[in-house]
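1. take a look and give me a structure for this.
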Amino acid sequence: MPAKKPDVQKANVEVQIDPNMRYEQAVKELEKLISDMESGKFSLEETLLAYQRGAALLKHCQGMLAQVEQQVRVFEA
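-> Next comes the predicted model:
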């Protein structure tokens, strides 16, 4: 029986983050992903998907922080 090939299509899917996700929720999920990846309990494919999700969460958090920084600049002006 041949070895099952990983689903490469699944690994190349762009991860979508709910734009209404709160910063704290995104950070909590990101911390859990990091912990799970460091524990070694994911397969290689699962690690790749977790990395992609984490990168999307990080981008979401950075965007939210940039918005807040802009609002602070407006308030200070």
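2. low-scoring pLDDT stretches of the chain, where are they?
-> Flagging of the chain using pLDDT under 70 yields the residue ranges 1-13.
3. flag every buried residue along stretch 48-61.
-> Buried residues in stretch 48-61, counted by 16 or more other CB atoms under 10 Å: Leu48, Leu49, Ala50, Tyr51, Arg53, Gly54, Ala56, Leu57, His60, Cys61. All C-beta spots, glycine's among them, are computed from the backbone N, C-alpha and C.
4. just those residues: which are in helices?
-> Those of the buried residues of stretch 48-61 mapping onto helices are Leu48, Leu49, Ala50, Tyr51, Arg53, Gly54, Ala56, Leu57, His60, Cys61, per DSSP state H.
5. would you list these in a markdown table and tack on distance to Tyr23?
-> Converted to a markdown table, those look like this (distance: CB to CB, whole Å):
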| residue | distance to Tyr23 |
| --- | --- |
| Leu48 | 25 |
| Leu49 | 23 |
| Ala50 | 20 |
| Tyr51 | 20 |
| Arg53 | 16 |
| Gly54 | 15 |
| Ala56 | 14 |
| Leu57 | 10 |
| His60 | 8 |
| Cys61 | 6 |
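6. once you drop chain neighbours, what's closest to the residue nearest to the spatial centre of the chain?
-> The residue lying closest to the centre of the chain (CA atoms, centre = their mean) is Gly54, at 2.3 Å. The shortest distance from Gly54 to any non-neighbouring residue, by CB to CB, 6 or more residues apart in numbering, is to Leu33 (4.7 Å).
7. so how many other residues sit close to that neighbour?
-> Neighbourhood size, Leu33 [other CB atoms under 10 Å]: 19.
8. how close does the nearest residue to Arg53 once chain neighbours are set aside get to Ile34?
-> Counting by CB to CB, 6+ apart, Arg53 lies nearest to Val15, which is 5.1 Å off, once chain neighbours are set aside. From Val15 across to Ile34, the span is 15 Å (CB to CB, to the nearest Å).
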